[in-house]
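Enquirer: below is the sequence, then the predicted model.
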Amino acid sequence: MGVSFVRTVIIFLLLIVSIRIMGKRQLGELEPLELVVAVLISNLAAQPLQDTGTPLLYGIIPVLTLLACQLIISGISVKHGRFRRLVSGKPSILVDNGVIVQSEMKKCRISVDELYVELRINGITDISNVRHAILETDGTLSVLPYAKFSPVTPQELNIDAPDSGLPVTVITDGRVLSDNLTLLKRDEKWLKNQVKKRGAGDISEVYLMTVDAQGNIYFAKKEGVK
């Protein structure tokens with residue numbers, strides 16, 4: 001039992017380190033190379049966990065080898081565009097100037113229904129409003145509407161819109177984040193006053209409270225709290 005526990009902890013830590021080394025991009029956007037590495041690593045890591053008779057190194061060495069291969073290939077891909085296209089492929093234009101490119105749709109095995117789903121996710125219901133719809137190498141669809149169908153920005157309306165900045169969380173699930181409060185140059189006395197103004201009797205009743213650079217506050221009480 002103790003051996004299995006130790007082996008599990010070692011493999012777990014190794015996988016965490018490997019994913020961190022692979023970089024943040026791979027966590028959300030798996031291209032073919034990263035997907036293959038992720039699948040192989042998961043299978044290789046599972047073998048020494050399932051069979052305690054298998055030496056632990058038989059799981060660690062292949063994982064480290066795959067990680068090294070991935071880093072080398074990624075480094076080469078950054079410097080050489082042709083090699084990157086060979087490994088990851090290239091984006092496909094599915095809609096060009098409001099017209100569906102049927103040959104690319106067939107090549108990518110994308111149905112019209114699937115295309116419409118992606119367009120609706122991007123807030124578009126009429127294909128004729130789309131200048132370009134590009135299927136990226138990671139499988140996501142980038143939709144670029146015509147300028148006249150794009151949302152109007154404050155700059156286009158000559159409106160001076162202040163940048164609210166990144167909201168800072170000061171309370172989460174009834175806990176005060178003191179470091180963030182200090183970052184905002186506020187104290188707990190100010191915080192308690194803001195909480196009471198919004199109808200909460202105590203900080204423990206607050207589910208979430210954030211403050212941005214302009215002083216705008218988002219406040220949410222815990223469910224069930226009167």
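Expert: Yep, it's here.
Enquirer: how is this structure partitioned into domains?
Expert: As assigned by automatic domain parsing, the chain contains the domains 2-86, 92-149, 168-221.
Enquirer: dump the ones you listed into CSV; add mean pLDDT and distance to Ile159 as well.
Expert: Where C-beta positions appear, they are placed from N, C-alpha and C, glycine not excepted. Formatted as CSV, the domains of the chain follow (pLDDT from 0 to 100; distance: least, C-beta to C-beta, whole Å):
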stretch, mean pLDDT, distance to Ile159
domain 2-86, 70, 33
domain 92-149, 90, 18
domain 168-221, 92, 15
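Enquirer: quick one: the ones you listed as a markdown table, columns for mean neighbour count and distance to Ala161 too.
Expert: A markdown table is the format used below for these (neighbours: other C-beta atoms under 10 Å; distance: least, C-beta to C-beta, whole Å):
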| stretch | mean neighbour count | distance to Ala161 |
| --- | --- | --- |
| domain 2-86 | 14 | 29 |
| domain 92-149 | 15 | 20 |
| domain 168-221 | 15 | 11 |
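Enquirer: mind putting the ones you listed into a markdown table with distance to Leu157?
Expert: Formatted as a markdown table, these follow (distance: least, C-beta to C-beta, whole Å):
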| stretch | distance to Leu157 |
| --- | --- |
| domain 2-86 | 33 |
| domain 92-149 | 14 |
| domain 168-221 | 19 |
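Enquirer: can you map out the helices along this structure?
Expert: Using DSSP state H, the helices assigned to the chain run over residues 2-22, 25-28, 32-50, 57-79, 81-88, 102-108, 112-121, 178-183, 188-197.
Enquirer: got a list of what Gly199 touches?
Expert: Gly199 is in contact with Lys221, counting by C-beta atoms under 8 Å, 6 or more residues apart in numbering.
Enquirer: roughly how far apart are it and Lys221?
Expert: In this view, Gly199 and Lys221 are 7 Å apart by C-beta to C-beta, to the nearest Å.
Enquirer: over to Ala161?
Expert: For Ala161, the distance to Lys221 (C-beta to C-beta) stands at 29 Å.
Enquirer: what's the nearest residue to Thr210 if we skip its chain neighbours?
Expert: Computed as C-beta to C-beta, 6 or more residues apart in numbering, the closest residue to Thr210 that is not its neighbour in sequence is Pro167, at 4.0 Å.
Enquirer: how close does the one you found sit to Ser178?
Expert: Distance, Pro167 to Ser178, using C-beta to C-beta: 17 Å.
Enquirer: if we can go back for a sec, CSV for the helices of the chain, including distance to Asn129?
Expert: Listed next are the helices of the chain as CSV, based on distance: least, C-beta to C-beta, whole Å:
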stretch, distance to Asn129
helix 2-22, 38
helix 25-28, 28
helix 32-50, 31
helix 57-79, 34
helix 81-88, 29
helix 102-108, 18
helix 112-121, 9
helix 178-183, 42
helix 188-197, 43
